[in-house]
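Q: only geometry, no sequence info:
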């Protein structure tokens, strides 16, 4: 079994998650690329990296999270960095959104909490070291029409960061959030041109970010940033200052 430190990136097959996998591999991590449905993309990311493997789980299912952590124990024996990047969104105004759609978004928050709990118990607390990096969003701070469950979940993720940081005081496990703004991914590529124009008008740098620009901050928190803890770092081109 490799002696390299291990980073688990949820939602690691696409977009920001895939960029985080590449950035962490460049820092010397063995990377566990998690996916739920993007198997082909996750395998492509694994094939790019010199020391990586894929793991699958629906993070809304506690039994699958249990199995995921057991698989990590068998394949890697350790998790030094956890990047909680996976997310889920349904676009609909509150008055027309069904409760099942709301639940589909918010069950991801429960899964993030449960996965983090298990990773702490099985790996990080035993070593009294580790880094937990939660990928939230600017819309958790600014709001966004038609995305109420998503914005609630992302705001909650930043609150989770601050509270967990306090619970882990003295254990040398750092917990931080990275809050991206509007990033060029498959999701934003589907936006109508007029919506993209309205977004760009709110960004002083006058462009959307690149996944790699978010991943650079994640890699910094994973490897350096030894006195950064309980923080929310915004990566949004000046759209929102925190």
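A: It's in. Note that the structure is a prediction, hence the values are computed from the model and not measured. Numbering: from 1, shown residues only.

Q: Where do the helices of the chain begin and end?
A: Using DSSP state H, the helices of the chain run over residues 15-26, 39-48, 62-75, 99-119, 125-127, 139-142, 148-167, 186-189, 193-200, 211-223.

Q: Flag whichever of those has the least confidence on average.
A: Note on the helices of the chain: helix 186-189 shows the lowest mean pLDDT, a mean of 74.

Q: which of the residues in it are buried?
A: Neighbour counts over helix 186-189 (16 or more other CB atoms under 10 Å) mark no residue as buried. C-beta coordinates here come from the backbone N, C-alpha and C atoms, glycine included.

Q: who touches the residue nearest in space to the middle of the chain in this structure?
A: Among the residues of the chain, the one closest to the centroid is residue 85, at 1.4 Å (CA atoms, centre = their mean). Taking CB atoms under 8 Å, 6 or more residues apart in numbering as the criterion, residue 85 is in contact with 9-12, 16-17, 20, 135.

Q: From what I see, residue 57 and residue 66 are in contact.
A: No. The pair residue 57 / residue 66 is not scored as a contact, 9.1 Å apart, by CB atoms under 8 Å.

Q: who's more crowded, these two?
A: Using other CB atoms under 10 Å, the more surrounded residue of residue 57 and residue 66 is residue 57, with 21 against 14.

Q: who are the neighbours in contact with that one?
A: By CB under 8 Å, 6+ apart, the contact set of residue 57 is 34, 36, 64-65, 67-68.

Q: so which of those residues is the most crowded?
A: That'd be residue 34 among the contacts of residue 57, by other CB under 10 Å, with 27 neighbours.

Q: Show me what that one is bridged to.
A: Beta-bridge pairing for residue 34 (DSSP bridges): residue 55.

Q: per-residue pLDDT, it?
A: pLDDT, read off for residue 34, is 98.

Q: residue contacts, it?
A: 8-13, 17, 42, 54-57, 68, 86.

Q: check contacts around residue 44.
A: By CB under 8 Å, 6+ apart, residue 44 lies in contact with residue 13.

Q: ok, how many other residues are close to residue 194?
A: Residue 194, neighbours per other CB under 10 Å, totals 8.

Q: circling back to that earlier point, just flag the most distant two among the contacts of residue 57.
A: 36 and 67 (13.1 Å; CB to CB).

Q: Surely residue 76 is in contact with residue 31?
A: No. Taking contacts as CB under 8 Å, residue 76 lies outside contact range of residue 31: 9.9 Å.

Q: Mind checking which of the two has more residues around it?
A: residue 31 (29 against 22).

Q: any idea how far residue 18 is from the more buried one?
A: Distance, residue 31 to residue 18, using CB to CB, to the nearest Å: 10 Å.

Q: Quick check: neighbours shared by the two?
A: With CB under 8 Å, 6+ apart, residue 31 and residue 18 have common neighbours residue 12.

Q: counting contacts, what elements does the longest strand anywhere in the chain pack onto?
A: Secondary structure assigned by DSSP state E gives strand 173-180 as the longest strand of the chain. The contact analysis (3 or more CB pairs under 8 Å, 6 or more residues apart in numbering; DSSP states H and E) places strand 173-180 against strand 130-135, helix 148-167, helix 211-223, strand 232-235.

Q: Go through the second one and flag the buried ones.
A: Of the residues in helix 148-167, 148-158, 160-161, 164-165 count as buried by neighbour count, 16+ other CB under 10 Å.
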